[in-house]
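A.B. asks: Following is a predicted model, sequence given first.
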Amino acid sequence: MALNSSKRAREAIPSRVIEIKDPAVPLSIDDLFPEKRALEVEIGAGNGRFLISRAANYPDVNYLAIERMLGRVRRLDRRASRLGLDNIRVLRLEAFYTLYYLLPHHGVRTVYVFFPDPWPKRRHNSRRLFAPLFLDALWHTLELGGCVQVATDYLDYFAEIKKHLATDPRFEEVPAMERTPDEQTDFELLFRGKGLPVGQCAFRSLPFEEKPLSPLTLPPDMLPREEERAEQQF
Ligand SMILES: C[S@@+](CC[C@H](N)C(=O)[O-])C[C@H]1O[C@@H](n2cnc3c(N)ncnc32)[C@H](O)[C@@H]1O
């Protein structure tokens, strides 16, 4: 009985998952959170270990998790609800599309990308998130002076990410953030546990000529993968 009532209590807590009625309409961030605060976004947030820890420790910041896998979205949502965090929201959408079309321009203070899918096979390299169009979306999304924080165990991809950012005049390298043990992600714990090296870097956005983003046709690589399509809507 006690179990049932605590389960009911948990279910009564409102979900932090953003309901998207029309994916073509840009998000009105101020309507998503109870208070207007600086906004930080994590791409591919997984189970949310990093972002939940940040949201608990920095209640004066709003955090948006973008994650396309349903099971991970649900776990992140349950954890945030259990802790009663009001400054975290979860969006189950493709991250590149979200940055390109849905987030406000120059409205995000920090974008975190920790352990992005490395797509190690050469024929799959084009699926990697860090590519010229993503950098366009990233620059438009970040506040001027805002930062992207990156970590990955895949050192070949790490070198590629650094090269993209370092050769783009809209970004300059700054020291990577230091994270507490609570802020290490689930994948990070796994990789560090195996003794694998982890590359970390951060880049700040600089003022540059504003050019509107051109409309895109998403290539098939950017669309959800088979196993994700098979999942039910949240
Ligand atoms: C290797 S996992 C890392 C998860 C988490 N950052 C961590 O370090 O524990 C990559 C995550 O990014 C998500 N992901 C990959 N590409 C994405 C995209 N384009 N849009 C949204 N989520 C994406 C995957 O579903 C997966 O949960």
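C.D. replies: Nice, I can see it. Numbers count the residues shown, from 1 in each chain.

A.B. asks: which residue is nearest the centroid of this protein?
C.D. replies: For the chain, the residue whose C-alpha lies nearest the mean C-alpha position (CA atoms, centre = their mean) is residue 43; its distance is 1.5 Å.

A.B. asks: Contact partners for that residue?
C.D. replies: Under the criterion of CB atoms under 8 Å, 6 or more residues apart in numbering, the contact list for residue 43 reads 66, 95, 99, 111, 112, 113, 116, 129. Heads up, the C-betas are built off the backbone N, CA and C, glycines and all.

A.B. asks: Could I get the buried residue list for stretch 145-154?
C.D. replies: In terms of neighbour count (16 or more other CB atoms under 10 Å), stretch 145-154 has its buried residues at 146, 147, 148, 149, 150, 151, 152, 153, 154.

A.B. asks: Extract the CA atoms of the strand ranked longest in the chain and return them as CSV.
C.D. replies: Of all the elements of type strand in the chain, the one with the most residues (DSSP state E) is strand 142-152. Once side chains and other backbone atoms are set aside, the C-alpha atoms of strand 142-152 remain, and they are given as CSV (Å, rounded to 0.1, in the frame of the first residue of the first chain):
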residue,chain,number,x,y,z
LEU,A,142,25.0,31.4,-27.9
GLU,A,143,24.9,34.9,-26.3
LEU,A,144,27.9,36.9,-27.5
GLY,A,145,30.6,35.8,-25.1
GLY,A,146,28.7,32.6,-24.3
CYS,A,147,30.6,29.3,-24.2
VAL,A,148,30.4,25.8,-25.6
GLN,A,149,31.8,23.2,-23.3
VAL,A,150,32.9,19.9,-24.9
ALA,A,151,34.2,16.6,-23.5
THR,A,152,34.7,13.3,-25.3
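
A.B. asks: Parallel or antiparallel, which strands does it pair with?
C.D. replies: strand 108-114 (parallel), strand 199-205 (antiparallel) (DSSP bridges).

A.B. asks: how would you label the closest residue to residue 154 other than its chain neighbours: helix, strand or coil?
C.D. replies: Nearest residue to residue 154 in three dimensions, chain neighbours excluded: residue 118, at 3.7 Å (CB to CB, 6 or more residues apart in numbering). Under the three-state scheme (DSSP: H, G, I helix; E, B strand; the rest coil), the conformation of residue 118 reads as coil.
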